[in-house]
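Trainee: following is a predicted model, sequence given first.
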Amino acid sequence: MKTNQAVAKRFKIKGKGKKKKLIKRAEGQDHFNARQNGNTKRAKRTDKTMTKTLTKTLLRAMPHSS
């Protein structure tokens, strides 16, 4: 079974065993940020944690990750 590289590049795995969490950077940070207000800019700096259901699906796409 192959690892889906699109998923592997976008998500980082934190934790071990059953307590694995997937962390993703906020989207839309590369350009056109001058029009954003301060609250939106600050929110984009933080990492997002994926839901339990989505984590289960994405971990299946990355079978060889730790």
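Mentor: Yes, it's here.

Trainee: which stretches of the protein form helices?
Mentor: For the chain, the helices defined by DSSP state H cover 5-10, 38-45, 52-61.

Trainee: quick one: which of the ones you listed is nearest residue 19?
Mentor: helix 52-61 (10.7 Å; CB to CB). All C-beta spots, glycine's among them, are computed from the backbone N, C-alpha and C.

Trainee: and that closest one, what does it pack onto?
Mentor: Helix 52-61 sits against helix 5-10, strand 21-25, with contacts defined as 3 or more CB pairs under 8 Å, 6 or more residues apart in numbering; DSSP states H and E.

Trainee: tell me the most buried of those?
Mentor: Ranked by mean neighbour count, the helices and strands packed on helix 52-61 are led by strand 21-25 with a mean of 15 (mean count of other CB atoms under 10 Å).

Trainee: any idea of the mean pLDDT for that one?
Mentor: For strand 21-25, mean pLDDT rounds to 94.

Trainee: got the CA positions of it in CSV?
Mentor: Presented in CSV, the C-alpha positions along strand 21-25 are these (Å, rounded to 0.1, in the frame of the first residue of the first chain):
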residue,chain,number,x,y,z
LYS,A,21,-3.6,13.9,16.2
LEU,A,22,-3.2,15.5,12.8
ILE,A,23,-2.0,19.1,12.6
LYS,A,24,-2.5,21.3,9.5
ARG,A,25,-1.4,24.8,8.8
